[in-house]
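K.L.:
Fold the stuff below for me.
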Amino acid sequence: MRGDGETDGVRIETVTEAHTSVVKAPELLRLNPVDELHSSGLLQTTTAMALNVRAVQRPLARLSCRAAAPLSTWSKVPAGPPDPILGVTEAFKADKDSRKINLGVGAYRDENGKPYVLPSVKAAEEKINAANADKEYLPITGLADFTKLAAKLAYGADSAPFNENRVAVTQSISGTGALRIGGAFLARHYPHSKVIYLPVPSWGNHTPIFRDSGLEVKGYRYFDKKTVGLDFEGLKEDLKAAPEQSIVLLHACAHNPTGVDPTPAQWQEISDIVKERKLFPFFDMAYQGFASGDTAKDAYAVRHFVKEGHQIALAQSFAKNMGLYGERVGAFSLTCDSPEERARVDSQIKIIVRPMYSNPPIHGARIAGTILADDGLYKQWEGEVKGMADRIISMRDTLYNSLKSAGTPGEWGHIKSQIGMFSFTGLTQPQTRALAEKAHIYMTADGRISMAGLNSKNIGYFAESVDAAVKGNL
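P.N.:
This is a model prediction of the structure:
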């Protein structure tokens, strides 16, 4: 095959065995005069692809050359599925209607719908900056002053494992990182099972985290769509049917995405079943303090299990309760039988972390550690996290009362009984679609909403729109 190409003042003909591609001469060669072509050796080049090259002086302006175009190395990589939460946010951002509401975001918003930086966090940062702290690498397991206090917050000051130095704890990249470290540790070192049971439904990221950690993921019943509440009988049946010594993931409080939590009495029954079946409990506690406004109350399940003699794994996050979303502050811990066992577990956690991200970031850990260590800042933070929780509880009450006053068909008591940032409304996919398309209200297709996205300015419009959607009048 023959291809004729042209440059400014030079025509180049190349005979090749491949197809033709055309580019502007300056993009391929910054050569115009024939003598520059000679000096570069270009005219003397002969390759397997170019069998004959000859230059003819001619005032032309383009270069055409035949060259092989191999497929990209990544041409066979398939497109991944879109993230359902990010899709909600993207649709919200594209909507120009002034009434639009985003109820998909998993972050707290204040009464004006704005991101909220806690005053205690600002005060802690000022204290850190005044100390002229360095930016050196942290140890593999993170900032010790933070991790010790994070464990104390979770397990309690009177916890036997905590006081006896039997808690192996490492700083993590928020709750997600804690789960990933925990999954990897169990996959390598838990000798009895490589299967983890998740509640159905659970946080969407749980399944890929544990699968990528090397665990097989199965489910146990948790949510009853008919009652929009806890399927406690189904939960108990499934845990009793799970093979002995399986791993079971438990949401410590403010279950995501349903907002449905067991009562203390139900937690006691769950603990008994876990002990009877010799299951290994892995708690995910992403909302301590943020659920009820009381850090001790929200840690009830974790502390009860430890008191009952369970060895547990625990993932903590400080994204929600301190508003440190982008700082990625968390901790992973395991309770052990002795300080010697804890030291061995610590050594294996380091082996997992080192090739994963080497060591965690310092700034967010300093903020959280400063708040937890300073009595004044700690009390201030407790008041602020209670204020966030109370505002969400208030929005639940207002929404429930509005729907009841409007005579909206259905039983809406679950709006009040659910806890934490999220609520499973019970709305159907056609109803959520109508709310997005006609009322400019965005949520996930399964009807989950972030209560933090509601405030006194938009909750009336939201309630009216839900009423219309349920009645088929939207």
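
K.L.:
quick one: contacts for residue 269?
P.N.:
Residue 269 makes contact with residue 236, according to CB atoms under 8 Å, 6 or more residues apart in numbering. C-beta here means a position set from N, CA and C on the backbone, and glycine is covered the same way.

K.L.:
For residue 301, see how far away residue 241 is.
P.N.:
Residue 241 sits 21 Å away from residue 301 when distances are taken as CB to CB, to the nearest Å.

K.L.:
So for these two, which sits in the more crowded spot?
P.N.:
Taking other CB atoms under 10 Å, residue 241 and residue 301 do not tie; residue 301 has more neighbours (24 against 9).

K.L.:
Just say helix, strand or coil for that one.
P.N.:
Going by DSSP: H, G, I helix; E, B strand; the rest coil, the secondary structure assigned to residue 301 is helix.

K.L.:
how much space is there between it and residue 281?
P.N.:
Spatial separation of residue 301 from residue 281 under the definition CB to CB is 9 Å.

K.L.:
so what's in contact with those two at the same time?
P.N.:
By CB under 8 Å, 6+ apart, residue 301 and residue 281 have these common neighbours: residue 250.

K.L.:
from what I can see residue 338 touches residue 166, true?
P.N.:
Yes. With contacts defined as CB atoms under 8 Å, residue 338 counts as touching residue 166 at a distance of 6.4 Å.

K.L.:
of the two, who's got more company?
P.N.:
Taking residue 338 and residue 166 together and counting by other CB under 10 Å, residue 166 has the greater number of neighbours (20 against 11).

K.L.:
Provide a list of residues in contact with that one.
P.N.:
160, 335, 336, 337, 338, 339, 341, 342.

K.L.:
the strands in the stretch 101-250 of the chain, which residues?
P.N.:
With DSSP state E, counting those that start in this stretch as the definition, the stretch 101-250 of the chain shows strands at residue ranges 101-102, 167-173, 195-200, 216-221, 223-224, 229-230, 247-251.

K.L.:
partners of the longest one in the sheet?
P.N.:
On the basis of DSSP bridges, the sheet neighbours of strand 167-173 come out as strand 329-335 (antiparallel).

K.L.:
for the third one, same thing?
P.N.:
Looking at strand 195-200 with DSSP bridges, its partner strands are strand 216-221 (parallel), strand 247-251 (parallel).

K.L.:
The strands of the stretch 101-250 of the chain: which one's closest to residue 317?
P.N.:
strand 167-173 (8.6 Å; CB to CB).

K.L.:
quick one: contacts for the residue nearest to residue 149 when sequence neighbours are not counted?
P.N.:
Among residues not flanking residue 149 along the chain, residue 372 sits closest, at 3.8 Å (CB to CB, 6 or more residues apart in numbering). Residues in contact with residue 372, defined by CB under 8 Å, 6+ apart, are 146, 149, 150, 152, 153, 378.

K.L.:
okay if I get those as JSON lines plus distance to residue 354?
P.N.:
What follows is the contacts of residue 372, written out as JSON lines (distance: CB to CB, whole Å):
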{"residue": "146", "distance to residue 354": "19"}
{"residue": "149", "distance to residue 354": "24"}
{"residue": "150", "distance to residue 354": "21"}
{"residue": "152", "distance to residue 354": "26"}
{"residue": "153", "distance to residue 354": "26"}
{"residue": "378", "distance to residue 354": "32"}
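
K.L.:
Pick the one among the residues you listed closest to residue 416.
P.N.:
The nearest member of those to residue 416, counting by CB to CB, is residue 153 at 27.8 Å.

K.L.:
List the contacts of the closest residue to residue 195 other than its chain neighbours.
P.N.:
Closest residue in space to residue 195, ignoring its immediate chain neighbours: residue 216 at 4.7 Å, by CB to CB, 6+ apart. Residue 216 makes contact with 194, 195, 196 under the criterion CB under 8 Å, 6+ apart.

K.L.:
Mind doing that once more with 10 Å?
P.N.:
Applying CB atoms under 10 Å, 6 or more residues apart in numbering, we find residue 216 in contact with 187, 193, 194, 195, 196, 197, 210, 246, 247.

K.L.:
And residue 170, by the same measure?
P.N.:
Taking CB under 10 Å, 6+ apart as the definition of contact, the neighbours of residue 170 are 139-142, 147, 150, 177-178, 181-182, 185, 330-334, 345-346, 349-350, 352-353, 359-360.

K.L.:
Please pick the buried ones from the contacts of residue 216.
P.N.:
Of the members of the contacts of residue 216, the ones counted as buried by neighbours, 16 or more other CB atoms under 10 Å, are 187, 193, 195, 196, 197, 210, 246, 247.

K.L.:
and the two most separated of these?
P.N.:
Checked with CB to CB, the buried ones among the contacts of residue 216 reach their widest spread between 187 and 197, with 14.9 Å between them.

K.L.:
Longest helix in this protein, please.
P.N.:
For the chain, the helix that runs over the most residues, judged by DSSP state H, is helix 375-406.

K.L.:
care to break the protein down by domain?
P.N.:
For the chain, the domain assignment from automatic domain parsing gives the residue ranges 2-66, 84-115+388-471, 137-373.

K.L.:
Quick one: mean pLDDT for the second one?
P.N.:
The reference is to domain 84-115+388-471. Within the predicted structure, the mean pLDDT of domain 84-115+388-471 is 94.

K.L.:
Quick check: the residue lying closest to residue 236 once chain neighbours are set aside vs residue 280, distance?
P.N.:
The shortest distance from residue 236 to any residue other than its chain neighbours is 6.1 Å, reached at residue 273 (CB to CB, 6+ apart). Computed as CB to CB, the residue 273 to residue 280 distance reads 13 Å.

K.L.:
Identify each buried residue in the one helix or strand residue 272 maps to, please.
P.N.:
Secondary structure here is read from DSSP states H and E; on that basis residue 272 sits in helix 264-276. For helix 264-276, the neighbour count (16+ other CB under 10 Å) marks 267, 270, 271, 273, 274 as buried.
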